[in-house]
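Asker: Structure, please.
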Amino acid sequence: MSIVKIERIHFHTFDSLRFLSFLLVFLSHCIIPESNFLHSFSKAGKIGVSFFFVLSGFLITYILLLEKLNNQNRVRLKNFFLRRTLRIWPLYYAMVLFAMCTPFILSALKLPYSNEGYQPRWIFTMTFLENYVAMYKDMVPNVSPINVMWSLCVEEHFYIIWGLIFYFISIKNIPKLIVICILISFISRIIYEQRGIPSLDILSNIQYFAFGAVPAYIFVFHKEIIEKTEKISVLYKYTFAVFTLLFIFMITNFAIITDKKISSIILAILFSVMILSTLGKKNAFKISDNGIMAQLGKYTYGLYLIHAICVQLFNKIGAMYELHWFVVILSSFSSTVLLSYLSYHLFEKQFLKLKKA
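Answerer: Model (predicted):
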């Protein structure tokens, strides 16, 4: 008897959600006057990163679940790791090479060096361990885009851990895995908080990936729940989305929740429910794939890495020539989009083609 394989599907709205997450990160690195409303969202950079983690948790769990279902409860680790490598490594190492050349570039442009942060340890950067150096020193590197690469280190560690766990674990034990990961993350944050250690590793952030895994598991194994969410009025779903944005605004601007462990759990739950509310073919809550946010969302990986360079560059130029802050931000954003577009089509895409080979 032949086995009918489950085909992977494209999830609408995800590219737009990625772009919105990137926008929070982008604004957090810009210099915005306190009198402007954008300043209220410029404090939510790490929240944008946490949403990236939840989305990754969903997509990677979904991919691995299909792997197990389509290959007699087995995961082809070589294939899984190769696909992740082709997506992450080329641009990552290209940006590391650029960072190594940064001192020469700044000298050629006669721009000042950054005095904030520490000098990167290149051996740790090359091996996706820079986040642990940042944790030890309690600061980020002083070279762009190494200063934002801690999250990519966490992502890489998640791919390895999740892939290996799914290789050995049975499908029936996945709910237990999710609960254990949430507990591990919560306990890790308690310990780090007591010792004054920043939460920049996989242990303290694995709760986000675990909460992302929840809607993935539901989508694959509990279609009845998806059918029920499809019937929920779109008004309620958009109200929930607005509530999530308001919650982000409130916790970053007012001390409504001072315990970061609790706020991180709440955010992870909100993001997980947000993803769940977009699933299903008949779902009315979606952002068109033809919209500008979705189109830009396709380049999110490049946007995330390249924006750190562009923002720092134009911040320095703006300070030297006393440019208006909005001109600096607009220049930073425009150059980031242009370079990310070129990077994707001229560089990254050449490696992505190998995934299909």
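Asker: which residue sits closest to the spatially most central residue of the chain, ignoring its sequence neighbours?
Answerer: The centroid of the chain falls nearest to F52 when counting by Cα atoms, centre = their mean (2.5 Å). When the adjacent residues along the chain are set aside, F52 lies closest to S21, with 5.3 Å between them (Cβ to Cβ, 6 or more residues apart in numbering). For every residue, glycine as well, the C-beta is placed using N, CA and C.
Asker: Could you tell me how far the helix or strand harbouring the residue nearest to the centre of the chain lies from the centre of the chain?
Answerer: Applying DSSP states H and E as the criterion places F52 in helix 45-70. Distance, stretch centre to chain centre, for helix 45-70: 10 Å (Cα atoms, centre = their mean, to the nearest Å).
Asker: and it, what other elements does it pack with?
Answerer: The helices and strands touching helix 45-70, judged by 3 or more Cβ pairs under 8 Å, 6 or more residues apart in numbering; DSSP states H and E, are helix 14-28, helix 77-109, helix 150-168, helix 202-221, helix 260-276.
Asker: In this structure, where is pLDDT below threshold?
Answerer: Scanning the chain for pLDDT under 70 picks out 1-4, 356-357.
Asker: Against T229, how distant is the residue nearest to H12 when sequence neighbours are not counted?
Answerer: Nearest residue to H12 in three dimensions, chain neighbours excluded: K286, at 4.6 Å (Cβ to Cβ, 6+ apart). Distance, K286 to T229, by Cβ to Cβ, to the nearest Å: 12 Å.
Asker: and G163, how many neighbours?
Answerer: Using other Cβ atoms under 10 Å, G163 has 19 other residues around it.
Asker: show me the residues around the residue nearest to H12 that make contact.
Answerer: Applying Cβ atoms under 8 Å, 6 or more residues apart in numbering to K286 gives the contacts H12, T13, T278.
Asker: Just to be sure, the last one is in a helix?
Answerer: No - per DSSP: H, G, I helix; E, B strand; the rest coil, T278 lies outside any helix segment and is coil.
Asker: ok, it touching D15?
Answerer: No - between T278 and D15 there is no contact under Cβ atoms under 8 Å: 11.4 Å.
Asker: if I look at the residue nearest to L69 when sequence neighbours are not counted, how far off is I329?
Answerer: Nearest non-adjacent residue to L69, counting by Cβ to Cβ, 6+ apart: I6, 5.7 Å away. According to Cβ to Cβ, I6 stands 44 Å off from I329.
Asker: Could you do A134 as well?
Answerer: As judged by Cβ to Cβ, A134 and I329 stand 26 Å apart.
Asker: Spit out the contact partners of F81.
Answerer: Shown in contact with F81 (Cβ under 8 Å, 6+ apart): Y159, I160, G163.
Asker: let's see it at 6 Å
Answerer: By Cβ atoms under 6 Å, 6 or more residues apart in numbering, no residues touch F81.
Asker: And it, how far from Y299?
Answerer: 24 Å.
Asker: Next: I169.
Answerer: Noted for I169: a distance of 34 Å to Y299, by Cβ to Cβ.
Asker: next one: stretch 306-317 to chain centre, how far?
Answerer: 20 Å.
Asker: do you know how far F209 is from W150?
Answerer: Applying Cβ to Cβ, the value for F209 to W150 is 15 Å.
Asker: which of these two has more neighbours?
Answerer: Using other Cβ under 10 Å as the criterion, F209 and W150 rank with F209 on top: 28 against 23.
Asker: right, and the more buried one touches F158 too?
Answerer: Yes - with contact defined as Cβ atoms under 6 Å, F209 and F158 form a contacting pair (5.3 Å).
Asker: any residues in contact with both of the two?
Answerer: Counting by Cβ under 6 Å, 6+ apart, nothing touches both F209 and F158.
Asker: Can you pick out the residue with more neighbours from A134 and I329?
Answerer: Neighbour count, other Cβ under 10 Å: between A134 and I329, A134 has more, with 25 against 21.
Asker: Identify the residues contacting that one.
Answerer: The neighbourhood of A134, defined by Cβ under 6 Å, 6+ apart, consists of V140, W150, L200.
Asker: Work out the gap between the helix or strand hosting it and the centre of the chain.
Answerer: Per DSSP H and E: A134 is located in helix 130-137. Relative to its parent chain, helix 130-137 has a centroid offset of 19 Å by Cα atoms, centre = their mean.
Asker: Would you mind writing the CA trace of it as CSV?
Answerer: Only the C-alpha atoms of helix 130-137 are listed here, as CSV (Å, rounded to 0.1, in the frame of the first residue of the first chain):
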residue,chain,number,x,y,z
GLU,A,130,29.1,35.1,20.3
ASN,A,131,25.9,35.2,22.4
TYR,A,132,27.7,33.5,25.3
VAL,A,133,30.5,36.1,25.2
ALA,A,134,27.8,38.8,25.3
MET,A,135,26.2,37.1,28.3
TYR,A,136,29.5,36.8,30.1
LYS,A,137,30.4,40.5,29.4
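Asker: Residue numbering should commence at 275 henceforth.
Answerer: Done: numbering now begins at 275, and the last item shifts to helix 404-411.
Asker: can you pull the buried residues of it?
Answerer: Residues of helix 404-411 classed as buried: E404, N405, Y406, V407, A408, M409 (neighbour count, 16 or more other Cβ atoms under 10 Å).
Asker: Ok, stretch 413-430 next?
Answerer: By 16+ other Cβ under 10 Å, the buried positions in stretch 413-430 come out as 414-430.
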